[in-house]
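1. I would like the atomic coordinates for the input below:
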Amino acid sequence: MQLIEIAQLLYLLTYHKPDATLWRLTTAVFMPEAPKPGKGAFQRSRLMVRLMMLAFRVHVPWASRYILPCDISPRRHIIIMHLELSVLAAFGAMLCWGFGDFFIQRTTRRVGDVECLAFIGSLGALGLLPFVLQEIPALLDARNMALMLLLGGVTFIAAVFNFEALKRGKLSVVEMILEIELPITVILGFMFFGESLTLAQLAAIGAVLAGIALIAAGSRPHKGLGVLEKGALLAAIAAVGMGFVNFLTAAGSKQISPLMAIWAPWLIVAVVSFVALAGRDGIGRTMGNAAKFKWLILATAIFDTAAWLFFAFAVLDSMLSITIAITESYPAVAMLLGLMINRESIARHQYAGAGMALAASVALGFLI
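-> Numbering: from 1, shown residues only. A predicted model of the protein is given here:
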């Protein structure tokens, strides 16, 4: 049974006596092929609906006297379908970004930053082309074209710093420093999308930044905390750029479409990357690396493109600040991969900083 149907039935339960509706709800969810209610079935349905109310935290005015006494605080009405899909897409982006950055680090260390960008951009643009053919005329609008050109340019610059940071530094450290994009994205959403921030949210953002400061401090105790980890400064610059990429991607998704918000900048990144490679080393070396590391490159392109697609669809019907707060748990995935597979080591204060940043990120997701 789809969640939107559950939402409709819960609405009926809120405003109508339950007899038929009650049985319809519980049998549709738990026993789709059940016959008409018999003796004892109604009692079972009362318990099931109570569990449903607890799960969805819905206030039913007649619950205390008609079903079973239970402590359910009044909540505002919920719109399940779009919220559920947006949350699932955000978690999809989180997972894909974690694995994507793990593969990006391995790819950049074998083929270089610009080549990795060229492969991701070209494969992503080629794979999405059949799905955006009907939307390409939207780029004839000057505002849409300007937005996509700006997004493509900012994406290229931010990605170069991002990839170089991943190439030089520890995955477990760089990923956590990239959390700087969270407050930047939230602030941009506040400024341009009219999203609001509370004191508790600002406190959570401050905790994220404090955790990042601990992570960025070097893991060599005899040199003190003043020494930055390799790639830390590059990661910080990349994080600022990625905050703007997040905002522009959300704007493109809402203004044009999620698919176009990914395809157009991917195409721009691919073109700029191949032009840069042609002027530097020629295309021959790039094609040789493509054949040599084809499976690694393919995995990198799939995970990174999928992550951005999930993100673009998540922000379509949800607040940018909510989406980015959920997705910012992705460094936990990358950190785990870095510690387990890359055999990286980090100091105790960096573990503490990672825990603080992740906990604050998750808390921010609940506070928004």
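
2. going forward, measure contacts between C-alpha atoms and count neighbours the same way
-> OK.

3. in the stretch 1-150 of the chain, where is pLDDT below threshold?
-> Along the stretch 1-150 of the chain, segments meeting pLDDT under 70 span 1-84.

4. do you know the pLDDT at residue 197?
-> pLDDT, residue 197: 71.

5. helix/strand/coil for it?
-> Three-state assignment for residue 197 (DSSP: H, G, I helix; E, B strand; the rest coil): coil.

6. for residue 302, list the residues it contacts.
-> Contact analysis of residue 302 by Cα atoms under 8 Å, 6 or more residues apart in numbering lists 100, 120, 124.

7. CA atoms of stretch 93-110 as PDB?
-> Output in PDB follows, covering the C-alpha atoms of stretch 93-110 (Å, rounded to 0.1, in the frame of the first residue of the first chain):
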ATOM      1  CA  ALA A  93      22.700  11.100  -1.900                       C
ATOM      2  CA  MET A  94      24.400  10.600   1.400                       C
ATOM      3  CA  LEU A  95      25.300   7.000   0.600                       C
ATOM      4  CA  CYS A  96      26.400   7.600  -3.000                       C
ATOM      5  CA  TRP A  97      28.500  10.600  -2.000                       C
ATOM      6  CA  GLY A  98      30.300   8.500   0.600                       C
ATOM      7  CA  PHE A  99      31.200   5.800  -1.800                       C
ATOM      8  CA  GLY A 100      31.700   8.300  -4.700                       C
ATOM      9  CA  ASP A 101      34.300  10.300  -2.800                       C
ATOM     10  CA  PHE A 102      36.100   7.000  -1.900                       C
ATOM     11  CA  PHE A 103      36.300   6.100  -5.600                       C
ATOM     12  CA  ILE A 104      37.200   9.700  -6.500                       C
ATOM     13  CA  GLN A 105      40.200   9.600  -4.200                       C
ATOM     14  CA  ARG A 106      41.400   6.400  -5.800                       C
ATOM     15  CA  THR A 107      40.800   7.600  -9.400                       C
ATOM     16  CA  THR A 108      42.600  11.000  -8.900                       C
ATOM     17  CA  ARG A 109      45.600   9.200  -7.500                       C
ATOM     18  CA  ARG A 110      45.900   7.200 -10.700                       C
END
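
8. what's it in contact with?
-> Counting by Cα under 8 Å, 6+ apart, residues outside stretch 93-110 touching it are 115-116, 163-164, 166-167, 171, 296-297, 299-304, 306-311, 326-334, 337-338.

9. among those, which lie within helices?
-> Secondary structure defined by DSSP state H assigns 115-116, 163-164, 166-167, 171, 296-297, 299-304, 306-311, 326-327, 330-334, 337-338 of these to helices.

10. PyMOL command to pick out the buried ones of those?
-> Per 16 or more other Cα atoms under 10 Å, the buried members of the ones in helices among the contacts of stretch 93-110 correspond to this PyMOL selection:
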select buried, resi 115+116+163+164+166+167+171+297+299+300+301+302+303+304+306+307+308+309+310+311+326+327+330+331+332+333+334+337+338
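
11. thinking again about what came up before, among the contacts of residue 302, which ones are buried?
-> Of the contacts of residue 302, these count as buried by 16+ other Cα under 10 Å: 100, 120, 124.

12. what's the closest of those to residue 356?
-> residue 100 (23.4 Å; Cα to Cα).

13. which secondary structure element is home to that closest one?
-> Under the criterion of DSSP states H and E, residue 100 resides in helix 80-111.

14. buried sites along that helix?
-> 80, 86-108, 111.

15. distance to residue 363 added to the buried ones among the contacts of residue 302, as a markdown table?
-> What follows is those, written out as a markdown table (distance: Cα to Cα, whole Å):
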| residue | distance to residue 363 |
| --- | --- |
| 100 | 24 |
| 120 | 33 |
| 124 | 33 |
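
16. can you tell me the average pLDDT over the host helix or strand of residue 272?
-> Assigned by DSSP H and E, residue 272 falls within helix 258-280. Average pLDDT, helix 258-280: 94.

17. OK, contacts around residue 321?
-> 185-186, 189, 195, 368.

18. now do 6 Å
-> Residue 321 makes contacts with residue 186, as judged by Cα atoms under 6 Å, 6 or more residues apart in numbering.

19. quick check: it vs residue 168, distance?
-> 30 Å (Cα to Cα, to the nearest Å).

20. and residue 137, how many neighbours does it have?
-> Using other Cα atoms under 10 Å, residue 137 is surrounded by 9 other residues.

21. pretty sure it sits in a helix.
-> Yes - the assignment for residue 137 by three-state DSSP puts it in a helix.

22. on that earlier part again, any residues touching the helix holding residue 272, and which ones?
-> Contacts of helix 258-280 (Cα under 6 Å, 6+ apart): 114, 118, 121-122, 125, 152, 156, 249, 252-253, 312-313.
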